[in-house]
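Novice: Quick one: sequence and predicted model below, then my questions.
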Amino acid sequence: MGNGESIETTRPELRASLPIRLPMPDPTELERRFTKVLASMDLPPDKAKVLKGYDDEKKWDLICDQERVHAKDPPNVYLNKLRTYLDPRASRNHRVRTLYKRKMLGDATSTQVLRDLEISLRTNHIEWVREFLNDENQGLDVLVDYLSFSQVVMRREQLLNREKSASLDSGLSRSPIRRMRRSNTVGSPRGLKYNTKLNMGEPRDDVHVCIMCLRAIMNHQYGFNLVIAHKHAINCIALSLNHRSLRTKALVLELLAAVCLVSGGHEIILSAFDNFKEVCNERHRFDTLMEYFRNYEEFHIDFMVACMQFVNIVVHSVDNMNFRVHLQHEFTQIGMDDYLERLKNTESDRLAVQVHAYLDNMIDVAQLLEDSETKTDALEKVAELEEELSHMHERLQEVEEEAMAKTVELEKQLSEANEDLQEIRELARIQEHEMNTLRKVVNEKDEESRKRQSLLDAKLQELELIKQNLEGSYNIHGSPGHIRRVLSADWAQARELQHSTPLCTCKYSRGDAPDVLPTATQLEKLGPPPAAPPPPPPPPPPPPPPPPPPISSIPPPPRMLGAPPPPPPPPQTEHGTGAMTIKKKVQSKYRLPLLNWTPLKPQQVKGTIFSDLDDEKLMTVIDFHEFEELFRLGPAGPISRDPTVGTPKLLKKLKKPENISLLEPNRLRNVAITRRKIEMTNDEIVRAIIMLDLQRLSLDMVDILLTILPNESEFKAYKEFERNKSNIAVLTDEDKFMLQLCKVERLSQKLQIMSFVGNYHDNIHHLQPQLNALIAASMSIRNSQKVKKMLEIILAFGNYMNSARRGPAYGFKLQSLDMLLDTKSSDKKINLMHFLVHTVQEKFLDIINFEAELRFIEKAALVSLENIMTDVHELEKGMEISKKEYQTRKERDAPIVLRDFLGSSEEKLKKLITDVKTAKDAYHRVVEYFGENPRMVSPTTFFSQFVRFVNAFKQAVIDNERRKKLEFAAVDDVLPPTLQKKKEKRLKTEAAAAEGTKTRTRQIKEKKLLNKDEVYHGALEDILLDLKNEPYRRADAYRRSQRRRVEGLMPSGRSDAC
């Protein structure tokens, strides 16, 4: 009777009278009315967002549906009827009043009134529900009172049906319904007559519908909080477990379980069952519930599932583990564990799921104790493994550094071997050239020799012919002597030709060649050459002596032996030094007033007019007696000369003279602060500095002392103070310390040596890995054939794209590698790097792993060559200072620390310098090899380009693989029907597996309680639906479930059902 739904259900004849559809208004009006409908529905934000996404047609349908569902009666109509049933005055026999009430109630029974109320609470606007629950109507109080009233009537009817005339249980008298003044009259004949007169329904039906009304109220945030805060509402709901209907019991247990999952609800539920125990005289809490659960008249699956679900939630929804164990033991005492052993093998899957959820959540204290011991052992083992892993990481770093150093050493040896090979090849080429030249010369000489031999043979034949002719004409041509001479001359000429045939003849060797040719006069004196061969010419006369120096009347200037001596220094005055003489204090006869001036310190006087003034010699000139008489203070009389007489302040001044300082105030304060950090005496500090003892004077102390070294002016001031033999006792402790430091020869140098020695090994170990990385990376890139091939492919792509418009290129800068990512395809889906990877995979598979040849480029990308050069220069400078100090103190037995350091560290520095040169040369060669300028490109920039290229190449490989999978999936969409069915089946199988994984993940997810302020409209229904779809499991239940499955405590089939 309360809303449109009841109209459609009970009076279908009115359905045709309702308009089917009204015309849609304009968009503005539609949006206004839709917003009003959303506000009245009291939806959570996520569901309201879904409704707002509807189109105009769906919005208008929703508006029409909501406007058809209108409240027929206001809340006070239902409340007045319920109050009439509860009115104790109705039991009186007043005919007029009874007829009036029967007329107001009509023909409907109390059960029908409650049904109409439940429908109104469930379907009407939230404003109607708020009006029902407001302070004026107090609908919740009326409903709870009627529920209590109906429970009492139901209980008494049950007692009457069992023919028990005993009085009600004493517990019932203490129930929260004691305030109902006439409740005890219900079981009497007068009460039954009253029920008949008011046409009341069955009490058990009224109880069930009352629970439904409370459920509808609790489905709203406002109503839920009111029910939770009510004193007796939850107690009355819990007492409804005495209902005979198992359906009602299941409804009650579902509501109570849902309340447990709201923050603060667990305590309320336990309190309600404490009240149940008191009212029903239970021996143990939950006894009645377990009795219904174990000894049922008929098996009702909804009740069994709701009961098991409630026990699981009420025990395991608390965070306190001790309290969970207590509640768990409480149910164990009333027989829950034994009964669950019987239920584990039930045929009902719904019940089995709830049973195993409880078993998964169960805490086994003995097992936890064993687990804690195992955990302790495991933690110790983990600690050992972590320590071992740490050592392994350290060892891995050491091995990596050793491997890098070995690689660098091998690379250097390979480089040296390549250089030697080049030299040998060059030498072989030169020798081959020389041999070819000599062979050519020999061939030419042989040819010349053969020609001369032929000429000789021709001459000999000619001579033989002449001889024969001469012998025939001997008498005609002359005497035999003449013929013999002619023949001798010819034979001599022949022998000369024969002797001139060797390959190379020369008259003088290189060392015997004359230095000076003979002059023309000498040649004339020699005359014509004789007939016989002349003897070799005599050696030339020695060269004439040099001409004498020109004679001049001006004597030569004297030889300069050096610069002229400096002029004598000017005479020093008394105050010409850097420091001032300490002045004496003047003791006056009387107390005199103070002069408020600002005095200058001794350091500030230098160079001023005051440096030439001497006021002490005026002390005897000025008449201070008259001055004291005129300026003395008070009649106290003269100041006593006795040190034991006078004011306390004066006595203090006389006993302890004021200390002076030669330092600036800020400088003095800094020295004082720094000095306090070194807990050593001045002598110990000086002795440690002299001996370069880093055992007594730590490296930190050395660094501190380097910050307070005396500067030049302070050094002069202290030397002057000491030269004047002034009293050191008047100086401050800081000045005494600085004075002792000034006495140390080469103080700054010694401290620098100590700092250098202390930091030397750390600096070496810091620089060496950087150099190794730089050398290894440079040589690996320089010698990589795969990188060379990769750049060749990129050059081919670039020329193919650019040469038509910009001309061909013969190379490119390495920074161009970054442009591969920016060169996109027409559809903007891939870039040139993706296609480069595709090309390499298809055509040049042998270079796909080119990055394996690029060793240590990541570490080399972090190296700064400029910083390395600076650090090495500092090391060289420090070593030079150390060697100079050692040489200076060698005769006086230099400290052992310095001698040992130089003996062990000098070679390391030489090796480091060699490695620096090698690294620099290797880097310069590789940079120049790639067409870059070593002066303009740093190692960080150079190697980072390769690192970025390698990373981009790997990412492109991944992108291509992903793109291939997507393309294969797209091809599958156009498969034939047979293959398409196979694909759908495969996808369903994969979806089922994914859903199973998702379900298991959801099962081990932590169950969070819902805060009271987070309860929304429909939250109760969502909780109940979630519990129906999935049993309650805690996050740690999955681990225990796995352990029990291994131990054989859980059947595999049932565990899968969970």
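Specialist: The structure has been received and is ready for your questions.
Novice: Kindly state the domain boundaries assigned to the chain.
Specialist: 4-68, 245-275+286-363+1005-1058, 366-476, 602-655, 778-960 (automatic domain parsing).
Novice: What residues does residue 739 make contact with?
Specialist: Neighbour list for residue 739: 718, 721, 722, 728, 731 [criterion: Cβ atoms under 8 Å, 6 or more residues apart in numbering]. C-beta: built from backbone N, CA, C; applies to glycine.
Novice: isn't the last one right next to residue 717, touching?
Specialist: Translated: residue 731. No: counting by Cβ atoms under 8 Å, residue 717 is not a contact partner of residue 731; they are 11.1 Å apart.
Novice: Now do the shared contacts for these two.
Specialist: In contact with both residue 731 and residue 717: residue 662, using Cβ under 8 Å, 6+ apart.
Novice: More neighbours: which of those two?
Specialist: Per other Cβ atoms under 10 Å, whichever of residue 731 and residue 717 has more neighbours is residue 717, with 25 against 20.
Novice: buried residues in the host helix or strand of the more buried one?
Specialist: In the assignment (DSSP states H and E), residue 717 maps to helix 712-723. By neighbour count on 16 or more other Cβ atoms under 10 Å, the buried set for helix 712-723 is 714, 715, 716, 717, 718, 719, 720, 721.
Novice: and if you look at stretch 957-969?
Specialist: Buried residues in stretch 957-969, defined by neighbour count with 16+ other Cβ under 10 Å: 957, 959, 960.
Novice: Alpha carbons only: can I get it in PDB?
Specialist: This file holds the C-alpha atoms of stretch 957-969, laid out as PDB (Å, rounded to 0.1, in the frame of the first residue of the first chain):
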ATOM      1  CA  VAL A 957      63.800  -4.800 -30.800                       C
ATOM      2  CA  ILE A 958      61.100  -5.000 -28.100                       C
ATOM      3  CA  ASP A 959      58.800  -2.700 -30.000                       C
ATOM      4  CA  ASN A 960      59.100  -4.700 -33.200                       C
ATOM      5  CA  GLU A 961      58.300  -8.000 -31.300                       C
ATOM      6  CA  ARG A 962      55.200  -6.400 -29.700                       C
ATOM      7  CA  ARG A 963      54.100  -5.000 -33.100                       C
ATOM      8  CA  LYS A 964      54.400  -8.500 -34.600                       C
ATOM      9  CA  LYS A 965      52.200 -10.000 -32.000                       C
ATOM     10  CA  LEU A 966      49.500  -7.400 -32.600                       C
ATOM     11  CA  GLU A 967      49.700  -8.000 -36.300                       C
ATOM     12  CA  PHE A 968      49.300 -11.700 -35.800                       C
ATOM     13  CA  ALA A 969      46.300 -11.000 -33.600                       C
END
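Novice: Would you list the phi and psi of the nearest residue to residue 668 once chain neighbours are set aside?
Specialist: In space, residue 668 comes closest to residue 661 once its chain neighbours are excluded; the distance is 5.3 Å by Cβ to Cβ, 6 or more residues apart in numbering. Dihedral pair for residue 661: phi -140, psi 140, per degrees, to the nearest 10.
Novice: residue contacts, residue 661?
Specialist: Applying Cβ under 8 Å, 6+ apart, the residues near residue 661 are 668, 731, 732, 734, 735.
Novice: What residues are recorded as beta-bridge partners of the second one?
Specialist: Read that as residue 731. residue 660 (DSSP bridges).
Novice: any idea how far it lies from residue 847?
Specialist: Residue 731 is 78 Å from residue 847, where distance means Cβ to Cβ, to the nearest Å.
Novice: returning to what we had before: looking at the buried residues of stretch 957-969, which are in helices?
Specialist: 957, 959, 960 (DSSP state H).
Novice: Mind putting those residues into TSV with distance to residue 440 and pLDDT?
Specialist: Shown next, in TSV, are those (distance: Cβ to Cβ, whole Å; pLDDT from 0 to 100):
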residue	distance to residue 440	pLDDT
957	60	93
959	65	92
960	63	91
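Novice: quick revisit: name the nearest of the contacts of residue 739 relative to residue 126.
Specialist: residue 731 (91.0 Å; Cβ to Cβ).
Novice: So residue 310 is in contact with residue 256, correct?
Specialist: Yes: counting by Cβ under 8 Å, residue 310 does reach residue 256; the two are 6.0 Å apart.
Novice: quick one, which of these two is more surrounded?
Specialist: Using other Cβ under 10 Å as the criterion, residue 310 and residue 256 rank with residue 310 on top: 26 against 23.
Novice: give me the element the more buried one is part of.
Specialist: Going by DSSP H and E, residue 310 is in helix 301-316.
Novice: Need the residues that contact that helix.
Specialist: Here helix 301-316 has contacts from 246-247, 249-251, 253-254, 256-257, 260-261, 266, 269-270, 286, 289, 292-293, 296, 324, 327-328, 331, 336, 343, 348, 350-351, 354-355, 357-358, 361-362, 1027, 1031-1032, 1034, using Cβ under 8 Å, 6+ apart.
Novice: Sort out for me which of these are in helices.
Specialist: Those of the contacts of helix 301-316 lying in helices (DSSP H): 246-247, 249-251, 253-254, 256-257, 260, 266, 269-270, 289, 292-293, 324, 327-328, 331, 336, 343, 350-351, 354-355, 357-358, 361, 1027.
Novice: Make a ChimeraX selection of the buried ones in these.
Specialist: A single ChimeraX command is used to select the members of the ones in helices among the contacts of helix 301-316 judged buried by 16+ other Cβ under 10 Å:
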select :246,249,250,251,253,254,256,257,260,266,269,270,289,292,293,324,327,328,331,336,343,350,351,354,355,357,358,361,1027
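Novice: I'd like the distance between the residue nearest to residue 668 and residue 718.
Specialist: Residue 661 is 11 Å from residue 718, by Cβ to Cβ.
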